[in-house]
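A.B. asks: Sequence first, predicted model second:
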Amino acid sequence: LQFASPGILCPIGSGLALVWIVLFSDSAIGEKPRPVQVLAVGLIVLGEAIVSVTGDHTNVSVLTMDDIREQYREPQLLAYFGGVLIW
């Protein structure tokens, strides 16, 4: 979690899951979202924007581009991406 604060990532990750479910429910299973669900998605997106703007943006460590490139070459991350591509 060196790239972003968990205080920002956790709400966005969990909130966006609900947003995607409502947005793709019509095309995936043919179920149109009700107006209250669309309103809920709007409120979630608004909350996500507020968290993104007002959340803690400080990082303990400062990473250079070389540090980031080195992390993307680690075997664990390469195995993860390989598994995603195979899946």
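C.D. replies: Structure received. This is a predicted model, so every value here is computed, not measured.
A.B. asks: And the pLDDT at the residue located most distally from the centre of the chain?
C.D. replies: Computed with Cα atoms, centre = their mean, the residue of the chain farthest from its C-alpha average is G30, at 25.1 Å. On the pLDDT scale, G30 is placed at 89.
A.B. asks: Tell me which helix or strand in the chain has the weakest average pLDDT.
C.D. replies: Lowest by mean pLDDT, DSSP states H and E among the helices and strands of the chain is helix 6-29, with a mean of 81.
A.B. asks: Quick check: the gap between the spatially most central residue of the chain and K32.
C.D. replies: By Cα atoms, centre = their mean, the mean C-alpha position of the chain lies nearest to G13, the distance being 4.1 Å. Counting by Cβ to Cβ, to the nearest Å, the gap from G13 to K32 is 26 Å. Quick note: C-beta positions are derived from backbone N, CA and C, even for glycine.
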